[in-house]
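1. sequence and predicted structure are below.
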Amino acid sequence: MLEQTERLIQEAIDQTQAAGRRLLGIGVGVPGLVDHATGTLLFAPNLGWNNVPLRKMWKRFNVPVIVENEANAAALGEHMLGVRSKSITSFS
């Protein structure tokens, strides 16, 4: 799952650069407990993951990385953009 996510991040960076723009950051919503200070997914019981340092792993993309619990990220998106906004793209 992480390899696919990293491929998608790189694809987004490549497409953004091809359009003469730059990626401003990476935001990821994860299904578990998050240490916001370090950007680490502490525990995701449904995935069986513990202590996954996402921010550290994705530092190589040279953009800020924000890691948030998926429910909190969804609530923030709805607050900022409205429910069922057409501006949000969801990958499944």
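-> Noted; the coordinates are in hand.
2. low-confidence stretches in this protein?
-> Applying pLDDT under 70 to the chain flags residues 84-92.
3. 90 - rerun?
-> In the predicted model of the chain, residues 1, 74-92 satisfy pLDDT under 90.
4. which stretches of it form helices?
-> 2-18, 54-57, 70-81 (DSSP state H).
5. in TSV: those helices, plus distance to Ala37 and mean neighbour count.
-> Just so you know, the C-beta spots here come from the backbone N, C-alpha and C atoms, and that holds for glycine as well. What follows is those, written out as TSV (distance: least, Cβ to Cβ, whole Å; neighbours: other Cβ atoms under 10 Å):
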stretch	distance to Ala37	mean neighbour count
helix 2-18	21	12
helix 54-57	10	17
helix 70-81	15	13
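6. what separation do you get for the residue minimising distance to the centre of the chain and Ala18?
-> With distances taken as Cα atoms, centre = their mean, the residue of the chain nearest its centroid is Val28 (1.7 Å). Distance, Val28 to Ala18, by Cβ to Cβ, to the nearest Å: 23 Å.
7. Leu42 reaches Leu54, doesn't it?
-> No. Taking contacts as Cβ atoms under 8 Å, Leu42 lies outside contact range of Leu54: 10.8 Å.
8. how close does Leu23 sit to Val65?
-> Distance check for Leu23 against Val65: by Cβ to Cβ, it reads 11 Å.
9. so Ile13 versus Trp49, what's the distance?
-> The value you get for Ile13 to Trp49, if Cβ to Cβ is used, is 24 Å.
10. how many residues are close by the nearest residue to Gln10 once chain neighbours are set aside?
-> Closest residue to Gln10 apart from its sequence neighbours, by Cβ to Cβ, 6 or more residues apart in numbering: Phe61 at 7.7 Å. By the measure other Cβ atoms under 10 Å, the count of residues near Phe61 is 16.
11. contacts only, for Phe61.
-> Ile9, Gln10, Ile13, Leu23, Ile26 (Cβ atoms under 8 Å, 6 or more residues apart in numbering).
12. report the contact partners of the closest residue to Ala71 other than its chain neighbours.
-> What sits nearest to Ala71 in space, not counting adjacent residues and going by Cβ to Cβ, 6+ apart, is Gly29, at 8.0 Å. Residues in contact with Gly29 (Cβ under 8 Å, 6+ apart) are Glu68, Asn69, Glu70, Ala71, Asn72, Ala73, Ala74.
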